[in-house]
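Novice: Make a model of this:
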Amino acid sequence: MRKVQLINQDFSDLLFGVLFCLTFIALGGEYLVKDDLIQKLMPSWFPLPKIVSIGCGLILLLGGGLIALGYNLRLAAILLGAFLLIVTTIVHGPAILSNPNFINP
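Specialist: Residues are numbered from 1 along each chain as shown. Predicted coordinates:
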């Protein structure tokens, strides 16, 4: 049986890349423009939190931009994967070990 192809493969790859990277680009822009929430989530022991926030925003914009352009996808995937792994561990890891006041048993 023959498969019906509704859209061109190149167009669907481009559409997927753009939709996938929108989250990273939007979050990167938030890190650069208005990072009040990011500053609250950052651990107090971080040195120079504003510079760390700007660096994180640039990493997100670079990774998301590379995926949107379809250029050097392996580098973009490694960059964003490492970013998510490190940030998730540092920001959300301590919350696993503590008992926050705002959670009712």
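
Novice: C-alpha from now on. contacts and neighbour counts both.
Specialist: Noted.

Novice: so where is this structure shaky, pLDDT-wise?
Specialist: Low-confidence segments of the chain (pLDDT under 70): 1-7, 95-96, 98-105.

Novice: Kindly recompute the last result at 50.
Specialist: Filtered on pLDDT under 50, the chain yields no residues whatsoever.

Novice: Let me see the contact set for the residue nearest the centre of the chain.
Specialist: Nearest residue to the geometric centre of the chain (CA atoms, centre = their mean): residue 24, 4.3 Å. If a contact means CA atoms under 8 Å, 6 or more residues apart in numbering, then residue 24 has 60, 61, 63, 64 as its contacts.

Novice: Take those and keep only those in helices.
Specialist: 60, 61, 63, 64 (DSSP state H).

Novice: what would those look like in CSV with neighbour count and distance to residue 16?
Specialist: As requested, the ones in helices among the contacts of residue 24 are exported to CSV (neighbours: other CA atoms under 10 Å; distance: CA to CA, whole Å):
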residue, neighbour count, distance to residue 16
60, 26, 17
61, 24, 17
63, 27, 15
64, 28, 12
